[in-house]
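# Got a predicted structure here, sequence first:
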Number of protein chains: 4
Amino acid sequence: MCRFLAYEGEPILIETLVTAPSHSLIHQSMHASEGKTETNGDGFGVGWYGERSTPGLYREVRPAWSDENLRSIAAQVRSRLFFAHVRAATGTPTSRANCHPFAQGRFLFMHNGQIGGWPRMRRRVEAMIPDALYAARTGTTDSEAIFLAALGRGLEHDPVAALYETFSEIAGMMGAEGITEALRFTATLTDGETLWAFRWSTDARPPSLYYKTMPGGLLLVSEPIDGVRGNWQSVPAGGTLVCRPGRELELLGAPECVRAA
Amino acid sequence: MCRFLAYEGEPILIETLVTAPSHSLIHQSMHASEGKTETNGDGFGVGWYGERSTPGLYREVRPAWSDENLRSIAAQVRSRLFFAHVRAATGTPTSRANCHPFAQGRFLFMHNGQIGGWPRMRRRVEAMIPDALYAARTGTTDSEAIFLAALGRGLEHDPVAALYETFSEIAGMMGAEGITEALRFTATLTDGETLWAFRWSTDARPPSLYYKTMPGGLLLVSEPIDGVRGNWQSVPAGGTLVCRPGRELELLGAPECVRAA
Amino acid sequence: MCRFLAYEGEPILIETLVTAPSHSLIHQSMHASEGKTETNGDGFGVGWYGERSTPGLYREVRPAWSDENLRSIAAQVRSRLFFAHVRAATGTPTSRANCHPFAQGRFLFMHNGQIGGWPRMRRRVEAMIPDALYAARTGTTDSEAIFLAALGRGLEHDPVAALYETFSEIAGMMGAEGITEALRFTATLTDGETLWAFRWSTDARPPSLYYKTMPGGLLLVSEPIDGVRGNWQSVPAGGTLVCRPGRELELLGAPECVRAA
Amino acid sequence: MCRFLAYEGEPILIETLVTAPSHSLIHQSMHASEGKTETNGDGFGVGWYGERSTPGLYREVRPAWSDENLRSIAAQVRSRLFFAHVRAATGTPTSRANCHPFAQGRFLFMHNGQIGGWPRMRRRVEAMIPDALYAARTGTTDSEAIFLAALGRGLEHDPVAALYETFSEIAGMMGAEGITEALRFTATLTDGETLWAFRWSTDARPPSLYYKTMPGGLLLVSEPIDGVRGNWQSVPAGGTLVCRPGRELELLGAPECVRAA
């Protein structure tokens, strides 16, 4: 169970959202309120878009709350689109390669959730990764495997369809394997322009996901960074949010095998 | 506010106390009960005596709860005398040199507490370190400075007197500087044979310190590692415990400028 | 191209061989003489047997030459059987999980060499790992994959046969894939009792491997730790050395698809 | 003996100079040509100016050559003024706080050289740091101490005079202490506008420092990053270079106690 934050809008310093607010992501790394685990100290990462089509990444194994580099980078880097993530590991080692977000070409992805029975499922899910992307598998998390598998199912052309296909294939394999734990997928994805957010699960408890439209931007968070839930809207269980710059925010309903709210 | 554990007695695997119990020190690194801070994720350390007169040290900047090396070392090293410490930083950086325990010659020292107004006091306390030991000042914590200062006040010959002289000098300088925060000193020290434990403070709130005599050993902890307070005795505020192998456990009363229970 | 050292014999402090000699492994981490790369600064590891049947492990991503923990552990731990390794990465990330030696049950393994065309071969070699061990695949090196694959081919019962079967299967797949780079396998393995050393390659250049029998022990090294080659015997190309405590050292000839000297 | 690089001019991506050239600073971290030590693997750092008056910092204890974060940050951050440094430690621990560059307010500083007999001199040099800056002393290097001492001698108003006063005071104390090793000070400093470079020593061997004026910029390096010495001019021993944007490059002669070329 992790905590994350995604922003798209007018270019702002990363610190404005990641380190400064009262209940900032860095604060949540030590004192999360809504997750199953209060402490998210098993590494962190930040990914951002600047003038390149590919994102920058800073990921580290230390807790976010004590990392001087994170504070400095967040104070200097201004971006129109960035992701930040603090990790609470669920069985896989603490290493940079296991920290979110994950970058591939111009895409950036991060995840809060889990593939139930991951040790038994891992091999099958890794088999879904196409050959051309297998070298990009540098860690051992379910999250990175889902991302790479979806890239092999057309994520570059239709991310929602590709991730849904990936989700339902994995859900099917979990069923076949007799795994009763849920597949939970609260995640965000971007190609550097459009921002997609997912709150899918095979049970009724997808990890929380809130959003707020601000003048000039959209903010997505695992839990409110101002500590005031009334300022935020919840992405409904099963829902998918699509933010295309210059277009209305779009909320898609739950695909078939995903439990709706 | 940190959590620690010290053991002297029949040689046992370090894991017996550090990683295995229900409320072990590693558990406390994420879920301490009695400290001001629940999370002690700013590095950790373990120091132990084997066949040498000088102790071994393993200190690392990651949280103890996710460190594979700590688990492996604790599972392999059997020792008759060891210290373990998980750190919650109070302003100083997370670095190996700032992790407890600290070793000097045959001595090992660890601390839970603080010198009030440390940024203003640091220079004066460092001035108390003798020239010959100044090169050993590799970190920036108040704890390491107290230890090195006491080594310059005769710690090798009379640890209780040397630490009390150091404590009262620092308390005096704090008063002269107009610092109203307390000087708190809950600590353990050993020369590889005798084990001393201190629970001193200039106010009525020295950090907690419990002990339990076991068949063949003495165990000192910041908070009970079995989660059952009734199994433990509290070192009284102002008290000093002296454990000499083969002798009765000795409890000394509070020195003058230390607040008694 | 890495550097390593393995010892079996009378219990000695690890530092006797790893940190103290003039051309010690720690020295070689910065100034190797015989490897293709002079610097082996991409992490290191030490594994040792004490009173348990399973080995202890300390692996870290920093260079060995500056690691205080390694110096301290090497100065304290006495062992009758230990491996130490300094790594020069060949494309895979620097992470603890990619550092040698690798432990599995009572076995310890380390490797200096490479599977030619690893990015293209990785998936196939990982497919050789049995299901029951797949969760133990925590890194991305060819070395760890070979070890786990061999465990699935009977390594516990006949290590030489299992590793040869693994070697020749991989060599076959490399040929089928049209890879012309060599498969090089200079490695040591132990079950905590017997020590096996391999110097196999599909070309004429297996990485160097020397040994020396000492009163009460056998020492295997990538390059002489005393800087004097005349004091050492070279394991012949294609050769396998078997050291069983209380028995004569045994040198096996080259298996079929391995190039002999 | 470290390697460094400083750039001021048209905003460019940091990678243009730090990671891309044939003999880039990252290359030099493993294969320096002109220093006493070929390997500079004891941590690294990069500092840069963006839209703030204070610089950003990324410093890490790993070798520069294997750090994914450095590559990513260098590929994304465009700056008109940046410093990069790879460290070869001379006795002090590898920690972030001991990595260059050092930042204080709007100033950035890095150093290649040494105070001879540092363990004996450290206390005296630290005594030169003003009270107000003592809390900023987070490491144990001579370099950081020189910087903080000079800040207490008017560095903000007249850097050359302040650093020369600091240099000659330290040289004097070294003489009084009977230290015969040299004081060597090859360094760069900036306030975010002007860039100063120093090549001072009390002996005839100040560490190398080269510069090149490019269309729209000035580049200072420990050794040529294109591997072609003819493309570069050497800052003469004892010399000080001053680069003020929009003004001619100025070369000052050697101050009194500094050995001239």
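Everything's here; your move.
# alpha carbons only for contacts and neighbour counts from here, please
Noted.
# can you map out the strands along chain A?
For chain A, the strands defined by DSSP state E occupy A:3-13, A:44-48, A:56-60, A:78-86, A:102-104, A:107-115, A:183-190, A:195-201, A:210-214, A:217-221, A:233-234, A:240-243, A:250-252.
# which residues sit against the fourth one?
What it means is strand A:78-86. The contact list for strand A:78-86 (CA atoms under 8 Å, 6 or more residues apart in numbering or on different chains) reads A:2-14, A:18, A:25-26, A:29, A:40-50, A:63-64, A:100-101, A:110, A:192.
# do the fifth one as well
Contacting residues not belonging to strand A:102-104 are listed as A:47, A:55, A:57, A:108-110, A:144 [CA under 8 Å, 6+ apart].
# of those, buried ones?
Buried members of these, counted by 16 or more other CA atoms under 10 Å in any protein chain shown: A:47, A:55, A:57, A:108-110, A:144.
# From those, pick the one nearest chain C.
The shortest approach to chain C among the buried ones among the contacts of strand A:102-104 belongs to A:E144, at 13.8 Å (CA to the nearest CA).
# pretty sure that closest one is touching A:R137, no?
Yes. Under the criterion of CA atoms under 8 Å, A:E144 makes contact with A:R137 at 7.3 Å.
# what residues does chain A put near chain D?
With CA under 8 Å from any CA of the partner chain as the criterion, chain A meets chain D at residues A:50-52, A:55-59, A:69, A:72-73, A:75-76.
# Try it again at 7 Å.
For chain A, the contact set with chain D under CA under 7 Å from any CA of the partner chain comprises A:50, A:56-59, A:69, A:72-73, A:76.
# what two of those are the furthest from one another?
Greatest spacing in these, by CA to CA: A:G50 and A:N69 (18.4 Å).
# ok, back up a step: distance to chain C and pLDDT added to the contacts of strand A:102-104, as CSV?
Output for the contacts of strand A:102-104, formatted as CSV (distance: CA to the nearest CA, whole Å; pLDDT from 0 to 100):
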residue, distance to chain C, pLDDT
A:G47, 19, 98
A:P55, 19, 98
A:L57, 15, 98
A:L108, 20, 98
A:F109, 20, 98
A:M110, 20, 98
A:E144, 14, 98
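# quick one: which of the residues you listed is nearest to chain D?
Closest to chain D, out of all of those and judged by CA to the nearest CA, is A:L57, at 5.9 Å.
# That closest one: what's its closest spatial neighbour, skipping adjacent residues?
A:G47 (4.5 Å; CA to CA, 6 or more residues apart in numbering or on different chains).
# quick one, what contacts the one you found?
A:55-58, A:82-84, A:101 (CA atoms under 7 Å, 6 or more residues apart in numbering or on different chains).
# What is the end-to-end distance of stretch A:219-232?
Start and end residues of stretch A:219-232 are separated by 10 Å (CA to CA, to the nearest Å).
# Please read the previous query as pertaining to stretch A:47-61.
Stretch A:47-61 has an end-to-end distance of 15 Å (CA to CA).
# Stretch A:60-74 too?
This stretch, stretch A:60-74, spans 14 Å end to end (CA to CA).
# That one near chain C anywhere?
No. Against chain C, stretch A:60-74 shows no contacts by CA under 7 Å from any CA, the least distance being 10.3 Å.
# ditto for stretch A:171-184
No. Judged by CA under 7 Å from any CA, stretch A:171-184 stays clear of chain C, getting no closer than 13.5 Å.
# Can you give me the buried ones in that stretch?
A:171, A:174, A:179, A:182-184.
# which residues does A:H31 contact?
By CA under 7 Å, 6+ apart, the contact set of A:H31 is A:38-39.
# how far away is it from A:V46?
Distance of A:H31 to A:V46, given as CA to CA: 19 Å.
# cool, and A:D158?
25 Å.
# got it, and A:P55?
A:P55 is 10 Å from A:V46, by CA to CA.
# and the spatially closest residue to A:M128 that is not a sequence neighbour, how many residues sit next to it?
Spatially, and ignoring its direct neighbours in sequence, A:M128 is nearest to A:A149 (5.2 Å; CA to CA, 6+ apart). A:A149 has 25 neighbours, counted by other CA atoms under 10 Å in any protein chain shown.
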